[in-house]
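> Structure here, sequence nowhere to be found:
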């Protein structure tokens, strides 16, 4: 795998360049750039959610630098579906150039528009549906239906003079989906007959053996759990999972219960889905939260956000008794959701909290209340055999997923040297059915924190990690730089360091002495005096307290 | 469940009081205090490892406050087995009173002694083995063999004039363990016949249906993976898992490979285990690391620590190419270990890193290379049916595990009101076969950070979390407190805040003006001036940057 940065060679006329900007080596911020003859096409512009070693970061964006100076060359943004890891960074790209056409399905565009509205942006959009063909510049696009955990997802066939690419976006192959809209394997077969020169498949579940179970298998389980409950039922799931919410509405209706949607994103997304006809609300089933709270316990279901243990979301707040919905003895809480790796502690904290309140908690570990939205290894085998792609660039996954997907490709006969397991920034050129790695760009993380975008650096995050682990000690001192004599201070402040302030009494004379000695030895420079303070305090704290807090000296001349 | 703190009633003569100090509502720092007629017995004194929201904390100890003033009344510490979550805090308790007798099995005591040596402590020990009976004060102890993921684990029967308690410690019921030492169900049956008044069972796997698989099933899998490997093999597991290491040694020997133990704790523990005869080292199989590195790739197995992705452990360092053992294309890495919840991101980071280097990574998700050390629900059913305890206090688990264990007890006929799901500090009194909750103490977390014990408070951790999320801004200013006129400063320092220092130029005049205005309005007090600075900077940073860093003002009188 190429980890060494190297400048790609100049793109030859008539060659298609493929550059994954995000989504390789990570689950999130999916974005791929296609280029031919000076024209650019962007597929998906997603966000990545931060890990615990990126404290204070709200979102992570793809690194737009490869197209920052070439925004006028972008023909369009194609969005495969409406999940945050595929559309979340669209506003940030449109802030760079507002009139890039945005192409997507009806639901996808509606979700993007809602997001853009929050950023006070509008977009030039073009709605497409499965079966549509639509040319943007030199890119001849065809859209194929794919099934995923959100309705209206589309795979994109990108035909160019250099060859044909199939870019799946996220997908699975539920053969009996709720909306009857299956992944279009007949379309895949037709494109495969024609010849797929490069295949970019979703890798998220490539290391999961077998087949992803049917979404419709969940319905009877939900219905049974609700039927057995004599008190309140809370169901938590993803706020964009229209079919999951559909099954909750149906299960509630079958049990003579009404449903209240709880959580801002849940209400917003399901309102959109219902307005556009993706969610079929049984008559009288939806009530608002205030109304639901007045009803008897055994007549309501609360459909909420927070299934990943997000501290500010509805479910966490219920668990810590900080929400209008009070959970108590005998209530049932269903987590109809996956447990995304990294969220375990948060989710178990919520489960433990709900159980302490006396709730019966049902989750995918105890009942089939969730199925994944991604194709498992068995489904990917079908895809490869139907498509028989010449070259494969697995996307959407950590290294372990990309490696697993490449192994599946090879098991169906794709040559190892035609299978590219890469990192963000890998540059793959396609011409005459031959794909080749021609370079590796050095792309970074762009952190969003509050209103700032890209101002937080990895050095800042390192500082934050040190502050979190050790706290800090700041020392202010004003001196006469000729003699090193301390005129004001030393004033010492510490936070997160966790010793009584009185401990600093022992180091203050050391600072005074060290400054005087430094001056006696000829030091005159403010920066050098600062270093003297840093060393003195650092040595003291390390010896006396076995700690390494951040030390922030300020020495000024009085 | 009692979450309200209430002082327990006075302990009546001849009544046994049971007080779990740690291990309820958490996986770790197991410790239970028994008391009768002014005599105390401690069972286990373990540590808890911190979560990501406890930054900089090395270890968490049980809160010793219930026995701090009564150390002279402690008859003994009984240790059920040698894992850190059962013995790790022994040194901290012995620092309070060095001559408390420590009772445990041979291997358990050897591991404790090694730990005490690092703390420059020695202990008064008494070695016991299965079948032994030993009275300490009013506590008549009997030890029963139990099987766990470390050899030589013991359950303890505690007979007192108030009734009989069975305290299992961690255990499972592998019916064909490597060492032939099964959990003594005949002993359990005998004690059950006699009458178990209170049962304190391990709850760790109570929510796992069925039965924990056999340890010996792993051997052939390891052997097969090693046999198929043509290059280096690295196996990572827990450094105290003697039987797992045994199977690695045997699998290596069967494949004509030697083994090098890597990692300080791995070398230390296995040396102890081999010296005491718990680890049977095939002749010539163990070599030291230097020797192993000189051998051909297909002749060695490296047995290492770091299976939980710990950043400083051997495996992580291999993954980031920061260890003498270089992992490359075609090497095999086996994670023969569980994935402890909360460690997912760290472990997957290591797996991805190793895969990027070209290694084939085998883990419990892809092959049976790990089985748990704890009894699953099916095994617990056997226990309850054999023991038929009158009262049950599930221990060792988060709320979800304790609740699951209580449900199992009730399914075998234990009355709901005789099943106690509690939190640390729950006070249960036993007399005449009747157990009753009589109080709830408020016990805290005791944090170890560097050389400090209990000095880090929850408030410090909150500061650290704020520092991590937002960074800080410190402002120093020396003023004339009569006029509020600034004489030195404002000097502003920020870390983790991530803006150019130049941004502070705009707030400095605001500080100067605010101080002057405060003085004009009659402020003279240094603390009030500090608040003025805090508010001024806080308002500015919130409005201008939408951030909430910690603000640390220092105002002194010049």
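That came through fine. Quantities reported herein were computed from a predicted structural model and do not represent experimental measurements.
> which ones are touching residue A:262?
For residue A:262, the contacting residues are A:289, A:302-305, A:314, A:325, by CB atoms under 8 Å, 6 or more residues apart in numbering or on different chains. C-beta: built from backbone N, CA, C; applies to glycine.
> Got phi/psi on it?
The phi/psi pair for residue A:262 (degrees, to the nearest 10) reads phi -130, psi 130.
> which SSE is the residue of the stretch 151-300 of chain A with the smallest separation from chain B in?
Chain B sits closest to residue A:207 of the stretch 151-300 of chain A, with a gap of 7.3 Å, by CB to the nearest CB. When secondary structure is defined by DSSP states H and E, residue A:207 falls outside every helix and strand.
> residues in contact with it?
If you count contacts by CB under 8 Å, 6+ apart, residue A:207 has them with A:377, A:400-401, A:404, B:365-366.
> ok so residue A:260 is a helix residue?
No. Assigned with DSSP: H, G, I helix; E, B strand; the rest coil, residue A:260 falls outside any helix and is strand.
> ok, and the closest non-adjacent residue to it?
Closest residue to residue A:260 apart from its sequence neighbours, by CB to CB, 6 or more residues apart in numbering or on different chains: residue A:292 at 3.6 Å.
> tell me the phi and psi of the one you found?
Dihedral angles (degrees, to the nearest 10) for residue A:292: phi -60, psi -40.
> so what's residue A:216 up against?
The neighbours of residue A:216, taking CB under 8 Å, 6+ apart as the test, are A:176-178, A:247.
> Tell me the one of those residues nearest residue A:44?
The closest of the contacts of residue A:216 to residue A:44 turns out to be residue A:177 (CB to CB; 21.7 Å).
> count of residues packed around the closest one?
Residues lying near residue A:177 (other CB atoms under 10 Å in any protein chain shown) number 18.
> wait, isn't it in contact with residue A:147?
Yes. When contacts are counted by CB atoms under 8 Å, residue A:177 is listed as touching residue A:147 (5.0 Å).
> most surrounded residue in the contacts of residue A:207?
Of the contacts of residue A:207, with other CB under 10 Å as the count, residue A:401 tops at 28 neighbours.
> For it, which three-state class applies?
Recorded secondary structure, residue A:401: helix (three-state DSSP).
> OK, contacts around the closest residue to it other than its chain neighbours?
Spatial nearest neighbour of residue A:401, excluding adjacent residues (CB to CB, 6+ apart): residue A:203 at 4.1 Å. Neighbouring residues of residue A:203 by CB under 8 Å, 6+ apart: A:394-397, A:401-402, A:404-405.
> Among those, which one is most surrounded by other residues?
residue A:396 (32 neighbours).
> Give me the phi and psi angles of that residue.
For residue A:396, the backbone dihedrals are phi 60, psi 70 (criterion: degrees, to the nearest 10).
> just the buried members of the contacts of residue A:216?
The neighbour count (16 or more other CB atoms under 10 Å in any protein chain shown) marks A:177-178, A:247 as buried among the contacts of residue A:216.
> from those residues, which is closest to residue B:435?
The closest of the buried ones among the contacts of residue A:216 to residue B:435 turns out to be residue A:247 (CB to CB; 44.2 Å).
> Three-state assignment for that closest one, please.
When classified by three-state DSSP, residue A:247 comes out as helix.
> what about the helices in the stretch 51-200 of chain A?
With DSSP state H, counting those that start in this stretch, the ranges of helices along the stretch 51-200 of chain A come out as A:65-68, A:84-87, A:90-94, A:106-118, A:185-194.
> which stretch among those helices comes nearest chain B?
Closest among the helices of the stretch 51-200 of chain A, using CB to the nearest CB: helix A:106-118, at 14.5 Å.
> same for the closest one, what does it pack against?
helix A:84-87, helix A:90-94, strand A:102-104, strand A:125-127, helix A:264-275 (3 or more CB pairs under 8 Å, 6 or more residues apart in numbering or on different chains; DSSP states H and E).
> Many thanks, we can stop here.
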